[in-house]
Structures are given as structure tokens and as C-alpha cells.
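Novice: Sequence and computational prediction follow.
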Amino acid sequence: MAAIYALTICLVLYAIGDIVSVKTKGLLSLVFVLCVVMLIGFWCGLPTDIVTTAGIAPLGKVSASLLVVGVGTTMNTKELMRQWKTVIASFCCCTAGVLLIVFVGRFIIGTDAAIAGAPIFAGASVALMIVNEALENVGLTDTLGVVVILIFALQKFIGVPLCSFCLNREARAFLKDREKMQKYLAVTTEDAASEKKRPLSFFSKTNKPVYNFTKVALVASLSTALSALTQDKVNVYIICLVMGVLFTELGFLPRNALSKLDSYFLLLFSILMTIFSSLAKVTPQTLVQSFIPVLVVLLLGAAGVVVFAFLLSKVLKQSAWLNIALGITCTFGFPTTVMLSEGIANGVGTTDEEKSALRNYLLPQMTVAGFITVTIGSVILAGIIVPLLGLSLIHI
């Protein structure tokens with residue numbers, strides 16, 4: 001297939017997701033629709049290497065760090081200090097889902113399957129690598145290898161619609177609170193007023209896309225170098241997020257740099273298509289064979305998040321819908337957290353003012369939650385749970 005044909009098909013699939021998202025006012029997000037359309041497409045003969053053929057894959061691999069730095073520019077230190085509730089809600093709800101899978105799931109699908117699946121629910125690629133290595137060490141790859149891959153590939157199908165529904169409910173409640181909306185709408189105004197006070201504000205005087213893109217790339221490169229100095233023990237995306245916040249506060253990067261890049265769409269498009277190309281590995285046959293263990297893990301994990309979110313709402317005194325959305329980020333992480341926030345803001349908000357306020361309210365919390373669950377929480381939980389693999393007689 002010619003590269004231009006492959007690229008055109010990918011753009012059409014992406015456009016379908018965007019159209020459905022707008023028509024349903026964010027209830028069916030672009031990310032979820034794109035997942036469904038691509039999975040059906042692969043089953044109906046869509047080339048499994050279409051993303052690579054289109055030349056998107058290389059761009060997708062380098063775009064993530066640029067996008068994370070850009071996300072960091074949407075936050076400010078005051079907002080980050082207010083995120084302690086987000087950290088607690090996201091980690092605790094995610095952990096509750098994992099524990100329910102381990103303690104209840106073992107009676108339904110077996111101890112090893114429950115222990116192997118739980119960390120995958122809690123995270124993404126890092127957890128998958130940890131579990132796969134452990135499966136090889138105990139000789140369970142043949143029996144559980146497909147299950148964990150399917151959980152990894154399909155967890156978005158339960159996480160994204162659940163998160164979309166909860167964010168939709170939260171967004172509508174948010175817009176009814178005019179005082180709260182004005183508070184978050186004022187964030188960008190306050191930031192703009194204090195821009196001149198920042199030490200490196202000189203570098204933000206020009207807003208040409210090429211200069212902003214170059215500065216974002218410089219910060220992303222610095223973040224990559226710092227991660228390499230730690231021998232990648234500190235995840236590069238965590239450093240990108242921190243550096244994005246830091247250099248925005250210093251004035252080197254403009255506030256909300258992503259909106260000032262003409263290539264913002266291209267970054268999101270390339271990342272999503274690269275990530276969802278993994279759906280090509282899922283066939284109807286493997287889906288049927290592993291249906292029960294995969295379904296048990298996903299449903300128990302989601303149930304744990306939902307139940308604990310409602311309990312935690314009483315303690316944190318914040319919406320259970322928001323807690324569920326924060327906790328369930330473990331099933332998709334970044335950049336889907338950004339896409340969902342943007343989709344809900346654009347779908348539920350009816351004016352530029354409402355969209356801006358919703359974006360300022362949802363995006364920082366969802367971004368922090370995604371990093372807490374997928375990047376940090378999943379590694380911690382996998383490190384604790386995975387050593388139990390193969391110990392079938394263990395009583396947990």
C-alpha cells in the first residue's frame with residue numbers, strides 16, 4: 001500500500017472518532033470510538049502495519065515527550081499544590097481495583113491469572129514488561145501471555161467509556177456552579193498578568209509557532225538527557241512534566257504552549273495512532289479464548305475503582321464521579337487523559353468561556369492522575385504483586 005493511502009485511511013478513522021465525539025457531546029470520546037473503529041478495521045482486513053506504512057510511527061514515538069512538556073505548561077505551581085486530593089484519589093482507587101482482582105478474582109480465574117492481570121489493570125507498558133518477564137521466569141507465558149496482552153490491549157474499552165461518562169457528569173455539574181467556573185476561568189488571566197515577573201519571560205515575547213515548538217523540543221531534549229543520567233530509573237515523562245511546569249514558571253515557555261502550536265493536532269494524531277496500532281495483535285479467536293479471564297479482571301478492577309471512589313468521596317469531600325475518572329486513568333494513562341479532557345471540554349462546553357474553564361479544571365487533574373496511576377502506581381503495585389506469580393498454594 002502506498003504511504004499516502006495509508007495516511008489517508010488513518011486520518012479518516014481519526015475523523016470518524018472526532019465526529020462521533022462531537023455529536024455525542026463527549027459521551028463517546030474520540031479515543032473510544034477510534035479504538036472500536038481500528039479494532040473492527042483490523043478484523044476486516046485493514047493492514048496491520050498501516051501506521052508504520054503511513055510514516056506515523058516514528059513521529060508518534062518522539063511526539064509523546066513534546067506533548068507532555070506542553071501539558072506541563074497548562075499547569076501552575078498553585079494548581080499543583082492543590083492536587084493532593086487528586087494524588088490520593090487516583091492512587092487509592094486504582095489500588096482498590098487491583099486488590100479486588102487479586103483477592104476475589106483468584107476464586108474465579110485462578111491465583112496466577114489474577115496476580116498476572118492485576119498489575120496490567122493498574123498500568124500500561126511498564127507493568128506489562130514486568131509481568132511478561134515474571135511469566136517467563138515461572139514458565140507461565142504459554143498459558144497467561146495472551147491474557148495479559150489482551151488486558152493491556154482492551155482495558156481502554158472499559159476505562160475510556162467509564163471515564164467519559166463520569167467526566168461528562170462532573171463537567172455538567174461544574175458548569176452549574178458559576179462561582180467555581182469563574183475561579184477556573186480566571187486562572188489564565190492571573191497567569192498572563194504575572195508573566196512579566198518571571199525571570200526568563202524575555203523568551204516568551206514571541207509567539208510564533210516555530211519558536212514555541214523549538215522551545216518545547218529543547219525542554220523535552222533536556223528532560224530526556226536528565227532521565228538518561230538516572231539510567232532511566234526516573235521515567236522521562238515524569239521529568240518532561242516537571243520541566244514543563246518549571247520552565248513555564250520561569251517564563252521560558254508560554255502558558256498553554258500546546259494551543260500555540262500549529263502542529264498540535266499532528267502530535268495528538270501521531271501518538272494515538274501509534275498506540276492503537278497494537279490492536280492489530282488482537283484477533284477474534286484469541287479474544288474468544290481469553291474472554292473470561294480478561295473480562296473478570298477488567299470488571300473486578302473497574303468495580304473496585306467505582307466502589308472505593310464513592311467511599312473516598314465522603315473523606316475527601318469531592319465528587320465520586322471525579323474520583324472514578326481519576327482512578328480509572330490507570331486503564332489508559334497519557335495521552336488519553338489529555339484527549340478525554342479536551343473532548344469533554346469541547347463537547348460539554350457551549351461557549352469559549354465554558355470550554356476554557358472546563359479545560360483548566362479537568363486537564364491538570366486528569367494529567368496528574370494518569371501519571372500517578374500508570375507511571376508510578378503501576379510500578380509499585382507490580383513490584384509487590386508479581387513476585388507471587390507461580391505460588392499457586394499461597395494463601396493471600
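Specialist: Cool, got the structure.
Novice: Which helix runs longest in the protein?
Specialist: As assigned by DSSP state H, the longest helix anywhere in the chain is helix 141-176.
Novice: And that helix, how far out from the chain middle?
Specialist: How far helix 141-176 lies from its chain's middle: 10 Å, per CA atoms, centre = their mean, to the nearest Å.
Novice: Averaged pLDDT, it. What do you get?
Specialist: The pLDDT scores in helix 141-176 average 85.
Novice: Same question for stretch 121-132.
Specialist: Across stretch 121-132, pLDDT averages out at 73.
Novice: do stretch 287-299 as well
Specialist: pLDDT averaged over stretch 287-299 gives 87.
Novice: tell me which residues of it are tucked away?
Specialist: For stretch 287-299, a neighbour-count test (16 or more other CB atoms under 10 Å) marks 287, 290, 293-298 as buried. Quick note: C-beta positions are derived from backbone N, CA and C, even for glycine.
Novice: SS state for the residue nearest the centre of the chain?
Specialist: Residue closest to the mean C-alpha point of the chain, counted by CA atoms, centre = their mean, is Gly333 at 2.1 Å. For Gly333, the assignment made with DSSP: H, G, I helix; E, B strand; the rest coil gives coil.
Novice: Leaving out the residues flanking it, which one is nearest to it?
Specialist: Of all residues not flanking Gly333 in the chain, Val374 sits nearest, at 3.4 Å (CB to CB, 6 or more residues apart in numbering).
Novice: okay, now that neighbour: neighbour count?
Specialist: 28 (other CB atoms under 10 Å).
Novice: close enough to count as contact, it and Thr329?
Specialist: Yes. Contact criterion CB atoms under 8 Å: Val374 and Thr329 qualify, at 6.9 Å.
Novice: where does the stretch 151-300 of the chain have low pLDDT?
Specialist: Low-confidence segments of the stretch 151-300 of the chain, defined by pLDDT under 70: 186-207, 235, 259, 261-264, 278.
Novice: where do the helices sit along it?
Specialist: 178-193, 209-229, 236-250, 264-276, 284-289, 291-316 (DSSP state H, counting those that start in this stretch).
Novice: Out of those, which gets nearest to Phe157?
Specialist: helix 291-316 (8.0 Å; CB to CB).
Novice: following the closest one, which helix or strand comes up?
Specialist: helix 320-327 (DSSP states H and E).
Novice: could you say what helices and strands that following helix packs with?
Specialist: Helices and strands touching helix 320-327, as assessed by 3 or more CB pairs under 8 Å, 6 or more residues apart in numbering; DSSP states H and E, comprise helix 84-109, helix 141-176, helix 291-316, helix 352-370.
Novice: Now do the first one, average pLDDT.
Specialist: In this model, helix 84-109 has an average pLDDT of 93.
Novice: centre of the chain versus the helix or strand following it, how much separation?
Specialist: Using DSSP H and E, the helix or strand that follows helix 84-109 in sequence is helix 111-122. Computed by CA atoms, centre = their mean, the chain-centroid distance of helix 111-122 equals 20 Å.
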